[in-house]
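Q: here is a sequence together with a model predicted from it:
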2 protein chains.
Amino acid sequence: MKYLIILLLAGLTAGAQAKKEQLNLMPWPQNVVLNDGSFTLTKNFKVNITGNPNSRVFGGATRFLRRLDGRTGLFFEQDFITKLNEAPSAELQINCTKSGKIGLYEDESYHLDIKQNKITLNATSDLGALHGLETLLQLLQNNSSSFYFPNSQISDFPRFTWRGLMIDASRHFQPVDVIKRNLDGLAAMKMNVFHWHLVDDQGWRIETKKHPKLIELASDGLYYTQEEIKNIVKYADERGILIVPEIDVPGHGSAILTAYPEIGSKVITLTGGTSEKNIQGTAIATYGIERNAGIFSPTLDPSNPKTYQLLSEIFDEVCPLFPGAYFHIGGDENEGKDWDANPKIQAFKKKHNLKTNHELQTYFTMQLVPMLKKHGKQLMGWEEILTKDLSKEAIIHSWKGPNEGVLPGQSLVEAVKKGYKTVLSNGYYIDLMYPIESHYLTDPMPKDATLSAEEKARILGGEAPMWTELATPETIDSRIWPRTAAIAERLWSAGNITDVADMRRRLETISFRLEELGLTHIRNKDVILRNIANNQNIKPLTEFSNVCEPLKGYTRNKDGTEYQTYSPLTLFADACTPDAKDALVFDAAVSQYLANKTPENKAKVTAFLNKWIAVNKELIDLSANAPLVQPILPLAKKLSETSQQLLLLLDNKSGLKPADLKSLIEQCNTKDHADVELAVYTSFKKLI
Amino acid sequence: MKYLIILLLAGLTAGAQAKKEQLNLMPWPQNVVLNDGSFTLTKNFKVNITGNPNSRVFGGATRFLRRLDGRTGLFFEQDFITKLNEAPSAELQINCTKSGKIGLYEDESYHLDIKQNKITLNATSDLGALHGLETLLQLLQNNSSSFYFPNSQISDFPRFTWRGLMIDASRHFQPVDVIKRNLDGLAAMKMNVFHWHLVDDQGWRIETKKHPKLIELASDGLYYTQEEIKNIVKYADERGILIVPEIDVPGHGSAILTAYPEIGSKVITLTGGTSEKNIQGTAIATYGIERNAGIFSPTLDPSNPKTYQLLSEIFDEVCPLFPGAYFHIGGDENEGKDWDANPKIQAFKKKHNLKTNHELQTYFTMQLVPMLKKHGKQLMGWEEILTKDLSKEAIIHSWKGPNEGVLPGQSLVEAVKKGYKTVLSNGYYIDLMYPIESHYLTDPMPKDATLSAEEKARILGGEAPMWTELATPETIDSRIWPRTAAIAERLWSAGNITDVADMRRRLETISFRLEELGLTHIRNKDVILRNIANNQNIKPLTEFSNVCEPLKGYTRNKDGTEYQTYSPLTLFADACTPDAKDALVFDAAVSQYLANKTPENKAKVTAFLNKWIAVNKELIDLSANAPLVQPILPLAKKLSETSQQLLLLLDNKSGLKPADLKSLIEQCNTKDHADVELAVYTSFKKLI
């Protein structure tokens, strides 16, 4: 290190007291006290571990050292931490009193005490210690020449015990490295549950040696081997994360039924023979892997003993791969069409006195409970499994909301009142491209409901589902991060931490730091734009992407047939994200200008308008050699035209009638171009 | 696809004849004929395969479809190609007459015929077909609104049968995803050998179930499981790539000897006892995993039967993981110090009439030949294994050159003259940060040597070694790519394809297209710069990096102790690459100006000089909140000061004496700052 001496000398000057508003902690800890002075990092910085922790803390502390080293360029002398009390005089002393258990209700608290020459991290379990190390990394400050931690005391613990992310590996398969880097992201955000959606209409993704047909016929060769699954389970364990696998049944069954059509519910009528002798009969349908997105009818036959035999054998093979105590069986979106049309199933319902398809599905679900219990697993399912006869041990995954015609979190209240434990996902659907604020302000604990303490305790926490109809390995990180960090804060921090502006400020640094874990949410944007630009200068595309957002909700990929599960997604919309950066800044500038029409405030607004006029011209130039730019030109034109008129308006030179100006602005309220919308539309309306 | 109709209509207008100079093919095919007209791509584009190929061509054709889809955004209807003659009327017809065998001397030729409505790809083996698909992807052209292939006929085959890349997974461990994406890069460049350097002083990286100590004690937990190795071997096979594993013995032995010190060569003298009774004795040394870079003495004991027993057992376990016919046993850089000092080994030499350590090493090597032959493997080793008694079946890996005090490729000529097959690596050391030109113009076939046809035929080809003392998973791609593409051209294309400027032109597009394979050589640069900039604007760092190159040869990491094998490498030098972009453009501008001193030519030069003055100021501003910028400030200052004086000189306003100006420019010829050098120094000298 040629500049070590400079850093050491400069380090001595670091020491002014940091302010809480300067800290970029997320999730915000339960208790933060800042003191005068600071701990300055040097090449000699070392870590020591004492107590009685699980050995995962050694790997965690080593990774901590490497990340700190990467940020500071100090090249610490300490290499791999592999045992207790290796460096008794180390500056960072970690003590844990017991070995942490992966799962719910474990003590994840920690206490961090930073002084001038010593940092102490005390935790009950190594899981708490891992959280504390993440907080310490987030505390890193710098002046012009050195890095330091501000003297402080932090006491911290989670508000909810279930803080999860779900990744759908069926619709667009997500390889091992995608899962691993996102597990690192979860750990950095103190999240502790990874829900792995492994089976859906679009593919079966688990190697099953006893039933190789599932892989051979229903995976397109895109699946996780059992070795890979074990490897990922270990990787998650090392980071304090519980894996909850999901095999979605009895609906979403296209993939399973592609391999095993004999357990499907659909009957088809066969006609054949000759004109003289007409032959009619019925047969069960055959199926194919679903390529599109949507809700499909293929459903397992709950009246067929073979269904339960197959599922039981599958669970016998799959359960041992996952040491955790929970198994998700899906259970959602079974519309029962094929059940209604199948006389055998109707007869079965009658025989077992099952009045509705819902009751029939509960019958089905209840058959799975002992299959899982045999392996020490509790059953979890999407809220549709909640009916009167369901085992009280099942966990209800609450997901429906206004889009499905019910109040947000309605099933969550219903579940806890009936005595079930529950996890909230409604409001956390990060695949739908809603603004971060909407997720951040969704609290698993309902505000209006009158719940007893016991009922409240059944609300385990929340989980962000990342469905992958529109996310490939190249784009998924930008759909998950950084918004999931805000959800992590909702699930960990005190319920009154709700300042959106402050969250946004902190998130900018958090998002940047997540890059060091290999997450591609920032870096892959330029990759997509370079492809669109055909390797020309991407600047105009970047500028334009900063005011465009992908279509929200289920409006992109209408009818689910525009893009398939094997489609690469390399379009402009795939480079855009919610919370378009410039749109937020522009909106603030507009508000400021409208409140106080100074030349300075006006200039902030007009700078954007002029930029967008220029961007339109640059995009036209770019498109001469880039076909993929063509689809965005009409939108860029609308932005440019409106910007021109608004410039004239601000100078009181507009020749347009108010109605014409209004309709020009309304043109910016469109979903017709390139799967994106202009995020400045509402700000434009404010200006007229 | 909302804009499908536009693309289809526009497609009709594509058709002007392309020129060879517009094609970005690499490696350049043996024979290219361009015709009038073109084949325009639409959503309906399909692929059909006939003949008798290995099934790997199905996966290859499917990946081809996906990549083409990603580039064009057409969302082809065809999903997964899984069998012969699936789409008989498809526009692209692939025919192979036989199943290709992974290894040397296979027929890799292909013939591509593109007509207005039909593309035919004929190849003897599927390996040739895979190469043809890569050429087709490289042929992709576009106008403003559609994508097309120019009508053409291409006949192609490789000049050399060994076209390899070596990755050192020992010094900085490189996880599975790094290996996989680089295998994709190799396939795209029609390379067919991946040499996997799995063992060295710095770590043992193969899971060995019979000898778990190697992993437990000598890997720091960083190794490939046997499942992962099998998975990678399969991945390589699917891409037509042979894997040659390397276990480096008897030197480079620190890791092996950490686990098994009893087979080491070093004896140490023990002294003990009391002042009355002095006890002396000898013992074998113990070892630790090496953390630094360099040549170290730990060496296996060739006189110890246990050495051969262990190696034999290891080969019995490792060989079956690799179906290829070659096994690399290293054999390099054994300096024999510990042999000389060990009386037992000296006695062994005498007994076996082995006069030199070289002869002793040959004795050692020859013991390994049958161990490998048992598993159908030929032994390969670095050139040090070449001595008079070596088996003629061994392949000699020629690596030494001027840096080691010999003529480049000297051992290659020696080897073929003695009847050995050989592979050249000298001249292809991409880890040493030399300019691309030096690699491109290194030909495995020596120009001056008088070799018979038979001797020439023993030159199998070449291989680029990527040693990882200074490369992490985050930076390794930018060390390998795009320079390895130029080496691929040297090994595949005709020997007279040597136009450096044309290669550079084509390489820009090739490098961009390699991104679609997940390679991070472009995207990770900004990641490093963002970390250095502490998430401030990276523009001045980017500008400065465009005139800086990492120190070349072995001048960075002097004495091998500045950076360790566990060090993250996140410094400015790690974001820089050879062939600094702006330096090349600036040099051309200087030459143009000196040849013709027009105001326009002068302006091109002064624009750069002014930019560098501005960059220096911006870097100073940036450094106020970014300690990692500090180390580069002195260099930026030198560039700025020199630029200021050169501006004055160009305006004839310089007040400096020629000697002072010269010494100012000499300041730019420095290796003292931030592990980089200024790539504009020689251009500056031209200006005075």
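A: Great, that's in hand.

Q: report the rounded mean pLDDT for stretch A:602-614.
A: Here stretch A:602-614 scores 98 as its mean pLDDT.

Q: sorry, that was for stretch A:506-522
A: 98.

Q: do that stretch and chain B meet?
A: Yes: using Cβ under 8 Å from any Cβ of the partner chain, stretch A:506-522 reaches chain B at A:508-509, A:512, A:515-516, A:518, A:520, A:522. Yep, even glycine has a C-beta here, placed from its N, CA and C like the rest.

Q: for A:Gly281, give me the pLDDT.
A: Taking A:Gly281 on its own, its pLDDT is 75.

Q: pretty sure it sits in a strand.
A: Yes: A:Gly281 forms part of a strand when assessed by DSSP: H, G, I helix; E, B strand; the rest coil.

Q: quick one: secondary structure of the residue nearest to it when sequence neighbours are not counted?
A: Excluding its sequence neighbours, the residue lying closest to A:Gly281 (Cβ to Cβ, 6 or more residues apart in numbering or on different chains) is A:Leu270, at 4.8 Å. Taken by three-state DSSP, the conformation at A:Leu270 corresponds to strand.

Q: what's the answer for A:Phe194, then?
A: A:Phe194 ends up strand, using three-state DSSP.

Q: beta partners for it?
A: Beta-bridge pairing of A:Phe194 under DSSP bridges involves A:Leu165, A:Ile243.

Q: tally of neighbours for it?
A: 26 (other Cβ atoms under 10 Å in any protein chain shown).

Q: wait, doesn't it sit right on A:Gly185?
A: No: applying Cβ atoms under 8 Å, one finds A:Phe194 not in contact with A:Gly185, separated by 10.3 Å.

Q: what touches both of these two?
A: Overlap of the contact sets of A:Phe194 and A:Gly185 (by Cβ atoms under 8 Å, 6 or more residues apart in numbering or on different chains) is empty.

Q: in chain A, which residue is closest to the centre?
A: Nearest residue to the geometric centre of chain A (Cα atoms, centre = their mean): A:Ile480, 3.9 Å.

Q: contact partners for the residue nearest to it when sequence neighbours are not counted?
A: Using Cβ to Cβ, 6+ apart and skipping residues adjacent in sequence, the residue nearest A:Ile480 is A:Met466, 5.4 Å away. By Cβ under 8 Å, 6+ apart, A:Met466 lies in contact with A:165-168, A:430-431, A:476, A:479-480.

Q: the residue nearest to the centre of chain A and A:Gly185 touch, don't they?
A: Yes: in this structure, A:Ile480 is within contact of A:Gly185 by Cβ under 8 Å, at 7.1 Å.

Q: ok and the residue in the stretch 1-150 of chain A nearest chain B?
A: A:Gly70 (3.7 Å; Cβ to the nearest Cβ).

Q: how much space between that residue and B:Val590?
A: As judged by Cβ to Cβ, to the nearest Å, A:Gly70 and B:Val590 stand 38 Å apart.

Q: of these two, who's got more company?
A: Between A:Gly70 and B:Val590, B:Val590 has the larger neighbour count (other Cβ under 10 Å), namely 22 against 19.

Q: wait, what's in contact with that one?
A: B:605, B:683, B:686-687.

Q: so it: helix, strand or coil?
A: Going by three-state DSSP: B:Val590 is helix.

Q: just the pLDDT for it.
A: Reported pLDDT for B:Val590: 98.

Q: A:Ser654 too?
A: 87.

Q: so it sits right up against A:Gln645, yeah?
A: Yes: contact criterion Cβ under 8 Å: A:Ser654 and A:Gln645 qualify, at 6.0 Å.

Q: give me the common contacts of the two.
A: Common neighbours of A:Ser654 and A:Gln645 (Cβ under 8 Å, 6+ apart) are A:Leu661.

Q: who's more crowded, the two?
A: A:Gln645 (21 against 17).

Q: contacting residues for the more buried one?
A: Contacts of A:Gln645 (Cβ under 8 Å, 6+ apart): A:654, A:656, A:661, A:664.

Q: make a ChimeraX selection of the buried ones in those residues.
A: Selecting only the buried entries of the contacts of A:Gln645 in ChimeraX, with 16 or more other Cβ atoms under 10 Å in any protein chain shown as the criterion:
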select /A:654,661,664
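
Q: pLDDT weak spots in chain A?
A: Residue ranges of chain A with pLDDT under 70: A:1-18, A:273-276, A:278-279.

Q: buried ones in the longest helix anywhere in it, by neighbour count?
A: For chain A, the longest helix by residue count, based on DSSP state H, is helix A:599-623. Across helix A:599-623, burial judged by 16+ other Cβ under 10 Å covers A:601-602, A:604-606, A:608-609, A:611-613, A:615-616, A:618-619, A:622-623.

Q: so how far is A:Val178 from the residue nearest to the centre of chain A?
A: From A:Ile480 to A:Val178 the distance is 10 Å (Cβ to Cβ).

Q: can you list residues touching both of these two?
A: In contact with both A:Ile480 and A:Val178: A:Ile167, using Cβ under 8 Å, 6+ apart.

Q: around A:Met366, count how many other residues there are.
A: 16.

Q: ignore the last one, A:Pro320
A: With other Cβ under 10 Å as criterion, A:Pro320 counts 12.

Q: that one touches A:Gly376, doesn't it?
A: No: in this structure A:Pro320 lies outside contact range of A:Gly376 using Cβ under 8 Å: 9.9 Å.

Q: tell me the domain ranges of chain A?
A: Each domain of chain A is listed here as a residue range: A:4-156, A:525-687, per automatic domain parsing.

Q: in which helix or strand would I find A:Asp660?
A: helix A:658-667 (DSSP states H and E).

Q: return the alpha-carbon coordinates of that helix using CSV.
A: Written as CSV, here are the backbone C-alpha positions of helix A:658-667 (Å, rounded to 0.1, in the frame of the first residue of the first chain):
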residue,chain,number,x,y,z
PRO,A,658,-55.4,26.2,-22.4
ALA,A,659,-57.5,23.3,-23.7
ASP,A,660,-54.9,22.5,-26.3
LEU,A,661,-52.1,22.6,-23.8
LYS,A,662,-54.1,20.4,-21.5
SER,A,663,-54.6,17.8,-24.3
LEU,A,664,-50.9,18.0,-25.1
ILE,A,665,-50.1,17.1,-21.5
GLU,A,666,-52.8,14.4,-21.6
GLN,A,667,-50.8,12.9,-24.5
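
Q: how far off centre is whatever helix or strand comes next after it?
A: Next along the chain after helix A:658-667, taking DSSP H and E as the criterion, comes strand A:676-678. Put simply, strand A:676-678 sits 22 Å off its chain's centre (Cα atoms, centre = their mean, to the nearest Å).

Q: the following helix or strand past strand A:676-678: which residues count as buried?
A: The helix or strand immediately downstream of strand A:676-678 is helix A:681-687, counting by DSSP H and E. By 16+ other Cβ under 10 Å, the buried positions in helix A:681-687 come out as A:681, A:683-684, A:687.

Q: other SSEs contacting helix A:681-687?
A: With contacts taken as 3 or more Cβ pairs under 8 Å, 6 or more residues apart in numbering or on different chains; DSSP states H and E, helix A:681-687 sits against helix A:581-595, helix A:633-650, helix A:658-667.

Q: any chance you could map the helices in the stretch 301-450 of chain A?
A: For the stretch 301-450 of chain A, helices defined by DSSP state H, counting those that start in this stretch occupy the ranges A:305-318, A:337-340, A:343-351, A:357-373, A:410-417, A:436-440.
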